Structure formats: structure tokens, C-alpha cells
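Trainee: Here's a sequence, model it:
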Amino acid sequence: MVLMFNQVMFPPNQSSKVAQKFIEWVQKNPPDPTIEKNICIGVRNTEDGNILVIGIGDVPKGKVEEALKTGTEQNLFMASGIEGLKYKLDVMLNYTEAYKILGMTAPEVD
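Mentor: Just a heads-up that it's a prediction; the model follows:
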């Protein structure tokens, strides 16, 4: 399993614009679980007073490039017309896959 972390940060005075842009994105681009399955979306404030939204998705084998493309397109769409919005995409192996690279089996963790 590959995990994709999409982080979007913006000033609180842009919250309504960001919320509306996200609705527009989802209406035009319904989620496709064959590319990325949403695990969760979390929202919190940062130390400098901004809003941070983190989306975590499960990317199936062979779909990393497509998921990165879609995530980048979404972030560019979100950033257009929203002052101060920043974003970052990270792709990570889950720990089971990381252990496999080492030729080991990951311990079971609840």
C-alpha cells in the first residue's frame, strides 16, 4: 500500500472560498477509488494562525503516477484565485511495504 498525503494550508479569511472551490472540484471530478481511496481528511489550525487540511489516501499498486497527477491538478485548481493558499503532496510506503524492501515481515500492530 502506498499512502498519499495532500496538505493544503491557507489563511482563515479564505476558508469560505476554499470550501466552495473544493465543492466545485468534487462536482466536476468525483472521487475515483481505482486511483485513490480516501482514508481521512483532517483539519486543524497552525501555530501561525493558518488552517491546515490534510487528506490521506490509499493508492493502489500501479496508480501512484495517476494519483499524483490528479492531486496536483486539484491543488492547482484550489490555489487559483485563493490568496495565500499553499500545498504539498507526499507519497509514502506504509510500514508493511517498507519492511518488505528490507526483506522482512512487519510485526502486527493494532
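Trainee: From residue 89, how far out is residue 75?
Mentor: According to Cβ to Cβ, to the nearest Å, residue 75 stands 7 Å off from residue 89. From N, CA and C alone the C-beta is placed, and that goes for glycine too.
Trainee: And these two? Which one has more around it.
Mentor: In terms of neighbours (other Cβ atoms under 10 Å), residue 75 is the more surrounded of residue 75 and residue 89; the figures are 19 against 16.
Trainee: so how far is residue 107 from residue 74?
Mentor: For residue 74, the distance to residue 107 (Cβ to Cβ) stands at 35 Å.
Trainee: Pick out whichever of the two has more residues nearby.
Mentor: Between residue 74 and residue 107, counted using other Cβ under 10 Å, residue 74 has the larger neighbour count: 20 against 8.
Trainee: residues touching the more buried one, list them.
Mentor: Shown in contact with residue 74 (Cβ atoms under 8 Å, 6 or more residues apart in numbering): 6, 25, 29.
Trainee: pLDDT on the helix or strand hosting the second one, on average?
Mentor: Right, residue 25. Using DSSP states H and E, residue 25 sits in helix 15-28. For helix 15-28, mean pLDDT is 97.
Trainee: Next, the buried residues of that helix.
Mentor: Residues of helix 15-28 classed as buried: 18, 21-22 (neighbour count, 16 or more other Cβ atoms under 10 Å).
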